[in-house]
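Asks: dropping the sequence and predicted coords here.
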Amino acid sequence: MIDFKGKLKENSLEIDRFLDHNLPFGNGLNAKLFEAMRYSSIRSGKKIRAFLVVESGKFLSVINNKDITKSKYNELITIASVIEAIHSYSLIHDDLPAMDNSPTRRGKPSNHVKYNDHTAILAGDALFSWAFETIGNGNFIKNPQKRADICFILAKAIGPNGMVGGQQADMDFNTQNNLSLEEIEWIQNHKTGSLISCCSHLASILLDANENQKNILINYANHIGLAFQIADDLLDLDSSEDVIGKPVMQDKKNETPNFVTLLGKEEAYKKALQISNEAIDLIQNFQCGSENLVSLAKYTVNRNY
């Protein structure tokens, strides 16, 4: 049995080192913006998406019998850190009064509470811009074609037909209790799942995966994304703010349509477990190098925050 939480923590520390070293800082007129960017990105969150990037790359190296060079590993860390910057930007905006109006995130005041609304908006914008600036930097990712492909896939995943589109639908229909299971799944696959599946997609580009390997990894990550969101909805119902670091019972209070409100607690958990097991079946077909990705699938539905 691997120490999965230990591996997750080790990965988080490495991503924090990259962000701390490469996010802007200084004492100029825009110093408050730099501080706000760092506040929501460094030393906060489990960084599961970053872990998925790195472990997808390691998995591909094992099944293709190729060692990951130091430079290739550094490129994986770059992409993983960029994904976390994008995720942090989305959470900063998600917490704003115009969206979820959440006063806390990851056990501390939300960005707009710590600073103010306009700084939070601009910090999210700046993290978004920094992410693409970093991908486009040849000092971080050497191959220009891969830089271009990674930029394209990431932009598509988080844009109007991906994460942002899912968030729009979530906001527009969050008071309607007549959504179908398929519509709820569409929202969750886009709002949460698109960035998570992108993690494996980007690693596949960097590690030169063949089409079959890439498709299976992306399918695995799609399952992880949906199971993760259902688990989040269950935590909103059953956990406490002290444990998960943000307000709970929000979905019940707002009558937000999701798998839990539609199916009930027990059936929603069964659904998450089924999706997680399907992810495991996909990845175990390769029979080697899948241990950490299997552990991630199990952790997704059995975590307490």
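Replies: Yes, it's here.

Asks: helix/strand/coil for the residue nearest the centre of the chain?
Replies: The chain has Arg49 as the residue nearest its centroid, 4.1 Å off, counting by Cα atoms, centre = their mean. When classified by DSSP: H, G, I helix; E, B strand; the rest coil, Arg49 comes out as helix.

Asks: so what's it up against?
Replies: Residues near Arg49 by Cβ atoms under 8 Å, 6 or more residues apart in numbering: Ala80, Ile83, Glu84, His87, Leu195, Ile196, Cys199. (Each C-beta comes from the backbone N, C-alpha and C, glycine too.)

Asks: can you put these in CSV and add neighbour count, pLDDT and distance to Thr134?
Replies: Listed next are the contacts of Arg49 as CSV, based on neighbours: other Cβ atoms under 10 Å; pLDDT from 0 to 100; distance: Cβ to Cβ, whole Å:
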residue, neighbour count, pLDDT, distance to Thr134
Ala80, 26, 98, 11
Ile83, 26, 98, 11
Glu84, 27, 98, 11
His87, 24, 98, 14
Leu195, 22, 98, 16
Ile196, 26, 97, 20
Cys199, 30, 98, 16
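
Asks: return the subset of the residues you listed lying in helices.
Replies: Ala80, Ile83, Glu84, His87, Leu195, Ile196, Cys199 (DSSP state H).

Asks: could you list every helix and strand in contact with the helix or strand where Leu13 lies?
Replies: Taking DSSP states H and E as the definition, Leu13 sits inside helix 4-22. If you count contacts as 3 or more Cβ pairs under 8 Å, 6 or more residues apart in numbering; DSSP states H and E, helix 4-22 packs onto helix 31-41, helix 48-63, helix 70-94, helix 291-302.

Asks: buried residues, the helix ranked longest in the chain. List them.
Replies: Scanning the chain for the longest helix, with DSSP H as the assignment, gives helix 211-238. Residues 213-214, 216-237 are the ones in helix 211-238 that count as buried (16 or more other Cβ atoms under 10 Å).

Asks: tell me who's in contact with Ala155.
Replies: Phe132 are the contacts of Ala155 under Cβ under 8 Å, 6+ apart.

Asks: pull out the buried positions in the helix or strand in which it is found.
Replies: Ala155 belongs to helix 144-158 when assigned by DSSP H and E. With burial defined by 16+ other Cβ under 10 Å, the residues of helix 144-158 counted as buried are Lys146, Arg147, Ile150, Cys151, Leu154, Ala157, Ile158.

Asks: can I get those in TSV including pLDDT and distance to Leu23?
Replies: Formatted as TSV, the buried residues of helix 144-158 follow (pLDDT from 0 to 100; distance: Cβ to Cβ, whole Å):
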residue	pLDDT	distance to Leu23
Lys146	98	23
Arg147	98	20
Ile150	98	19
Cys151	98	19
Leu154	98	18
Ala157	98	22
Ile158	98	19
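
Asks: relative to Ile63, which of these is nearest.
Replies: Taking Cβ to Cβ as the measure, Ile63 sits nearest to Lys146 out of the buried residues of helix 144-158, at 19.7 Å.

Asks: give the contact list for that closest one.
Replies: So Lys146 contacts Ile205, Leu206 (Cβ under 8 Å, 6+ apart).

Asks: if I look at it, how far off is His21?
Replies: Lys146 sits 22 Å away from His21, going by Cβ to Cβ, to the nearest Å.
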